[in-house]
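Undergrad: What follows is a predicted structure for the sequence shown.
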Amino acid sequence: MIGLTGVPPRESGSQSGLLPVPRRLFRRERDLERYLNLWRLAFLGVLLLFLAVVRGAGGRQPSAGSVALPLVVLYFIIAAGLHGVLGWKGWRRWMPAWVVGADLLFIVAVHFAFLLADQPVWATNSQIAFLGYFVVVALAGVRSDPGLAKAVAVAAPISYAAIVFLAVTWRSVDMSLPDPIFGSFRWDVQVVRVVVLAVVTHLVTLDVALGDVDRAAARQDPLTGAFNRRHLEEFLSRQISRSMSLHRPLALLLLDLDGFKEFNDRHGHLAGDRALADVAAGLADRLRSTDLVARYGGDEFVVVLPGATGEEARRVAWDLVGVGGQGLRFSVGISCLSERCRTVADVLGAADQALLRAKRSGGGVRVAGEKG
């Protein structure tokens with residue numbers, strides 16, 4: 001493999017420092033999860049301190065704070081453990097759904113604990129406990145995952161409505177005798193709470209969906225519909241990190257259309273644009289759903305093949321050489337992940353050198369490190 005000098009250390013899904021620059025928040029899932037968990041720990045810590053002070057001032061008399069305190073302590077310990085796991089093991093794709101589910105379960109558990117303590121008014125009227133739902137919705141929305149936002153938009157209002165239903169049917173909440181702290185149960189207030197919670201979660205879901213559409217457009221090359229270079233580098237960085245941690249191969253093809261300038265001069269630039277769009281569609285049709293096709297610039301395309309060895313990449317490359325059509329053919333440079341080629345710059349640079357040798361030899365396919 002051809003290595004590049006002066007290249008920064010391995011690019012991975014995260015860095016050892018937490019958010020050294022703001023843009024890393026949006027590029028690295030682990031840093032985002034750690035950042036949100038810091039807010040979770042801060043929120044729980046403040047709540048824990050508040051409940052401890054209120055419990056100390058209130059003496060031995062049972063209160064909403066004394067019932068909720070053990071759950072807050074337990075969840076604070078769980079959040080601290082999550083922070084350790086994120087720093088030690090790293091981020092996994094399934095984590096956000098489980099963490100958001102745990103957040104929602106914690107809020108529901110606090111409400112249910114009030115019901116178990118036979119204090120239904122605490123469950124239906126506690127402002128602090130109810131605001132916890134909005135914290136969960138906000139944490140889910142920041143992750144910009146439409147599926148996760150939709151799940152919370154359904155689960156949050158239903159879970160609170162279920163608490164109100166249990167308070168009325170199971171614990172027979174007294175609607176006439178007001179609690180000295182939480183007041184009396186009122187149907188109009190509870191209906192408004194459920195409606196407001198449903199509306200807010202729906203708006204968050206809508207915002208996440210719109211943001212997802214905008215991000216999808218920002219990842220695509222407007223001419224060919226293939227992914228653009230920015231998304232290529234982000235995708236390749238994640239795949240390199242994942243492949244190295246799982247000890248799996250990864251290959252990259254850098255393709256350049258031979259004679260494209262002459263094609264433009266002969267047929268015009270509009271025909272050239274249509275040819276590039278056809279080429280991008282042809283590449284996508286011949287690849288797996290797990291592969292990625294991106295426009296690298298001009299008439300150059302990059303294909304990322306996760307899990308592919310060098311020999312498999314060579315076979316794919318020869319299959320793609322003639323995709324150009326209309327007399328256009330590709331020259332292809334191939335590079336593979338290795339100990340000497342382990343960053344985005346390394347892999348792209350090695351493929352570029354291999355492509356240069358292929359062009360100089362009259363076209364075809366070349367592998368990085370190959371002689372001749």
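TA: All right, it came through fine.
Undergrad: ok, the nearest residue to residue 209 once chain neighbours are set aside to residue 212 distance?
TA: The spatial neighbour of residue 209 that comes closest, neighbours along the chain excluded (Cβ to Cβ, 6 or more residues apart in numbering), is residue 146 at 5.1 Å. Any C-beta I mention is one placed from the backbone N, CA and C, and that applies to glycine too. Noted for residue 146: a distance of 5 Å to residue 212, by Cβ to Cβ, to the nearest Å.
Undergrad: likewise residue 49?
TA: 38 Å.
Undergrad: any idea how far residue 76 lies from residue 132?
TA: To residue 132, residue 76 is 14 Å away according to Cβ to Cβ.
Undergrad: Which residue of these two possesses the greater neighbour count?
TA: Using other Cβ atoms under 10 Å as the criterion, residue 76 and residue 132 rank with residue 132 on top: 20 against 17.
Undergrad: Just to check, the more buried one is in contact with residue 107?
TA: Yes. Under the criterion of Cβ atoms under 8 Å, residue 132 makes contact with residue 107 at 4.0 Å.
Undergrad: give the contact list for the residue nearest to residue 209.
TA: 205, 208-209, 212 (Cβ atoms under 8 Å, 6 or more residues apart in numbering).
Undergrad: Let me see the ranges of the helices in this structure.
TA: 29-58, 64-88, 95-116, 120-125, 127-142, 146-169, 187-219, 229-246, 260-267, 269-285, 310-320, 344-360 (DSSP state H).
Undergrad: quick one on the thing from earlier: which one's more surrounded, residue 49 and residue 212?
TA: Taking other Cβ under 10 Å, residue 49 and residue 212 do not tie; residue 212 has more neighbours (15 against 11).
Undergrad: In this model residue 141 seems to touch that one, though I could be wrong.
TA: No. Between residue 212 and residue 141 there is no contact under Cβ under 8 Å: 11.6 Å.
Undergrad: Point out where the stretch 51-200 of the chain drops to low pLDDT.
TA: 56-61 (pLDDT under 70).
Undergrad: and stretch 311-326, average pLDDT?
TA: For stretch 311-326, mean pLDDT rounds to 90.
Undergrad: ok, residue 312 to residue 349 distance?
TA: Distance of residue 312 to residue 349, computed by Cβ to Cβ: 21 Å.
Undergrad: And these two? Which one has more around it.
TA: residue 349 (19 against 14).
Undergrad: What distance do you get for that one to residue 234?
TA: Distance from residue 349 to residue 234, by Cβ to Cβ: 18 Å.
Undergrad: One more: residue 183?
TA: 51 Å.
Undergrad: So for these two, which sits in the more crowded spot?
TA: Taking neighbours as other Cβ under 10 Å, residue 183 and residue 234 compare with residue 234 leading, 16 against 12.
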